[in-house]
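**Q** here you go, sequence then predicted model.
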Amino acid sequence: LPAVRWRQWVLTFPGPVAVRLGYDQDLLRLVCRSFADRVMQSLRRRVKRAHGCMSVRRLHAGALVVVQRARSDLGLFTHLHVLVTDGCFEQGCEGERPRFLTADGLDEGHLLRVLAAVRGDLEDALDDEEADQDQDLGACLDLSARASARELRLVHDAATVPKPLTVGAFGMQVHAATVVDGRDRPQLERLCRYMLRPPFAQDAVTELPDGRVCVRLKQPKGSGTRYVELERDVFLARLAALVPPP
């Protein structure tokens, strides 16, 4: 197999936009396309400079976009996980095999320029009025938004823990520190399974003696939070809100 590197990019938005993306399919479609296109555009430019290519026309990158709809506490929080070639395939002449050219030297400046370009693509769409929302869905969203003090700490922890190659700007945040060598198939499979995971594992949800529902988190948060406890109606409302529109 060729020495193809893969990098995971994670794009998140603040709460209101993350919730809107859960039911505004036109906006979500635009976000997915814009982010994937801008990341690959950045890759082609970096490869061109690093390897002295004459043009980007013969350089081709690829991206797999996965839409995740939930936080670890099952709150609706739509965000993107994008698996991208960490470089480009250079198209060879007739009869020649393409070769993979790595894109080294990714830094926060590159991430910032990608976010700026995505913001430019989305500016009109984000300023438009939100799509009509089903009344029943609105009721579920309102009910599922109820948070205890423990849950508020959980969300706060998730937003404030500093990470490498993480940039927040223009109302978005992107994280791009995870890299996998494509020849390491087990590690690549683990990353893909992580991106495609369901909102929760069956054995992570248990009913408490008082009728509430306990959702255990896969990893403890910075405050030591290992689980959240939800009223039964809040738990059901959160599950309903996570179901994508038709």
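**A** Now that the structure is in, tell me what you want to look at.
**Q** surely Q68 touches V82?
**A** No - counting by CB atoms under 8 Å, Q68 stays clear of V82, with 10.8 Å between them. Placement of C-beta: from N, CA and C, glycine included.
**Q** Q187 in helix, strand or coil?
**A** Q187 falls in the helix class when you classify it by DSSP: H, G, I helix; E, B strand; the rest coil.
**Q** excluding chain neighbours, what is closest to it?
**A** V180 (5.2 Å; CB to CB, 6 or more residues apart in numbering).
**Q** quick one on the thing from earlier: so which of Q68 and V82 has more stuff around it?
**A** More crowded of Q68 and V82, by other CB atoms under 10 Å: V82, with 22 against 17.
**Q** next one: phi and psi at the more buried one?
**A** phi -120, psi 120 (degrees, to the nearest 10).
**Q** which phi and psi values does T78 adopt?
**A** Per degrees, to the nearest 10, the backbone of T78 is at phi -70, psi 130.
**Q** number of nearby residues for it?
**A** 23.
**Q** cool, G182 as well?
**A** That count, for G182 with other CB under 10 Å as the rule, works out to 16.
**Q** just checking, it touches W6?
**A** Yes - taking CB under 8 Å as the definition, G182 is a contact partner of W6 at 5.7 Å.
**Q** what lines up beside the strand or helix carrying the residue nearest to Q187 in the sheet?
**A** Assigned by DSSP states H and E, V180 belongs to strand 172-181. Strand 172-181 pairs in its sheet with strand 5-12 (antiparallel), strand 166-169 (antiparallel), by DSSP bridges.
**Q** what do G182 and W6 both touch?
**A** Here G182 and W6 have L188 as joint contacts, going by CB atoms under 8 Å, 6 or more residues apart in numbering.
**Q** the residue nearest to Q187 against W6, yeah?
**A** Yes - counting by CB under 8 Å, V180 does reach W6; the two are 4.9 Å apart.
**Q** in this structure, which residue is most central in space?
**A** With distances taken as CA atoms, centre = their mean, L80 lies nearest the centre of the chain, 2.4 Å away.
**Q** now do the contacts for that residue.
**A** L80 sits in contact with W9, V10, L11, T12, V31, C32, F35, V65, V66, V67, Q68, where contact means CB under 8 Å, 6+ apart.
**Q** partners of whichever strand or helix holds it in the sheet?
**A** Using DSSP H and E, L80 sits within strand 76-85. If you go by DSSP bridges, strand 76-85 pairs up with strand 5-12 (antiparallel), strand 63-70 (antiparallel).
**Q** deepest in the core, which of those strands is it.
**A** strand 5-12 (a mean of 21; mean count of other CB atoms under 10 Å).
**Q** what's the mean pLDDT across that strand?
**A** The average pLDDT for strand 5-12 rounds to 96.
**Q** just the CA atoms of whichever helix or strand comes after that strand, as CSV, please.
**A** Per DSSP H and E, the first helix or strand lying C-terminal to strand 5-12 is helix 15-20. Only the C-alpha atoms of helix 15-20 are listed here, as CSV (Å, rounded to 0.1, in the frame of the first residue of the first chain):
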residue,chain,number,x,y,z
GLY,A,15,-24.7,25.7,20.8
PRO,A,16,-27.5,27.5,18.9
VAL,A,17,-25.9,26.8,15.5
ALA,A,18,-25.1,23.2,16.5
VAL,A,19,-28.8,22.7,17.3
ARG,A,20,-30.0,24.4,14.1
